[in-house]
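1. I would like to see how this sequence folds:
(one chain, ligands or ions: 1)
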Amino acid sequence: MQHTSAVGAGKLRRMRRMFGADGRGVFVAIDHAAYMGEGPPLGEPMYEIAAGRPDAVLATWHVARAYAGPLAGSGLVLRVDGGSSELGDRAAGDTNALLHRPEEALTIGADCVVVLAFPGAPDEDRSLTRLARLCSECELLGLPVMAEMIPGGWGQAVPWTAENVARAARIGAELGADIVKTVCPGPPEEFAEVVRACPVPVVALGGPKMATEDDVVALARGVVDAGGAGVAFGRNVWGSEKPRQLVERLREAVHGAADADRPSSTSPGAGR
Ligand SMILES: O=C[C@H](O)COP(=O)(O)O
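-> Residues are numbered from 1 along each chain as shown. Now for the predicted structure:
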């Protein structure tokens, strides 16, 4: 029998909780309000998202705690960086800090932690160092890390070509990330170059709201067809009038029809 270390087993279990047996995942990002705009409405929309049974959610501390019941059927990727908001000067560069320690993330039941990193930005050393430090701390706890790799920062100081996104993804993996979340550089076929360059699962972020929900689903399908491990969409999901149905459609696009037909196991709990 082959033995795995305890932390190795911990990582494996947590990865499986997020990605399932086919190695793919539908992640819904509901972590915006702490740092980016108004963010997802609280209350009923959260229950709606949960009812769609995303494989995992990206959440802030508040959302993870207040909606622990409804979201218990989905993996939890806790946003652990921040400390700057749109009310301040976000254009100043990387003003993020580490808000929650890995041990604290474990207490709230996180399966993974996520931080942003900006390779190619003038102050890239800050976010890359933060990512690497976090990865080595989490390694000791068996807690996976998701690196959100944004080449050049949100202002695209480095153009988001397939080559640059691929290099950013590779950098995230080299620094120890277990999952990379990054932009889809152009048509979804180009995501294949990113996947080829990156030795860990890569999921595509969604960005601003698209014209139709068919476009959102088509992007998800294109990303997995290109070898991506799935999607981490935020505004396009919680900005939908019917987030539950959209999550179900995304699950079908990412995992196939058999998964989408599975009966819901999510039961409502506390949270507001
Ligand atoms: O975690 C938050 C995301 O980076 C933003 O998600 P979104 O671009 O799909 O709204």
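
2. So what pairs up with the nearest residue to Ser127 once chain neighbours are set aside in the strands?
-> In this structure, Ser127 finds its nearest non-sequential neighbour in Ala117, 4.2 Å apart by CB to CB, 6 or more residues apart in numbering. C-beta coordinates here come from the backbone N, C-alpha and C atoms, glycine included. Listed by DSSP bridges, the beta-bridge partners for Ala117 are Met149.

3. ok, now which ones touch Ala117?
-> Contact partners of Ala117, counting by CB atoms under 8 Å, 6 or more residues apart in numbering, are Glu124, Ser127, Leu128, Arg130, Leu131, Ala147, Glu148, Met149, Ile150, Ile171, Gly172, Leu175.

4. and if you look at Pro208?
-> The contact partners of Pro208, by CB under 8 Å, 6+ apart, come to Arg235.

5. hang on, it in a helix?
-> No - looking at Pro208 with DSSP: H, G, I helix; E, B strand; the rest coil, it is coil, so not inside a helix.

6. quick one: Gly228 from Glu174, how far?
-> 19 Å (CB to CB, to the nearest Å).

7. How about Ala168?
-> Distance from Ala168 to Glu174, by CB to CB: 11 Å.

8. Between the two, point out the one with more neighbours.
-> Ala168 (27 against 15; other CB atoms under 10 Å).

9. what's Glu163 in contact with, if anything?
-> Applying CB under 8 Å, 6+ apart to Glu163 gives the contacts Glu193.

10. For Asp259, give me the pLDDT.
-> As predicted, Asp259 sits at a pLDDT of 66.

11. what sits up against stretch 95-108?
-> 61, 64-65, 68, 76, 78-84, 88-89, 113, 115-116, 126-127, 130, 134, 137-138, 141, 143.

12. Any of these buried? List them.
-> Neighbour-count burial (16 or more other CB atoms under 10 Å) applied to the contacts of stretch 95-108 gives 61, 64, 68, 76, 78-82, 84, 113, 115-116, 126-127, 130, 134, 137-138, 141, 143.

13. What is the burial count for Glu139?
-> Neighbour number of Glu139 under other CB under 10 Å is 17.

14. What residues does the chain have near the ligand?
-> With CB under 6 Å from any ligand atom as the criterion, the chain meets the ligand at residues Ala29, Asp31, His32, Leu58, Leu205, Gly206, Gly207, Phe233, Gly234, Arg235, Asn236.
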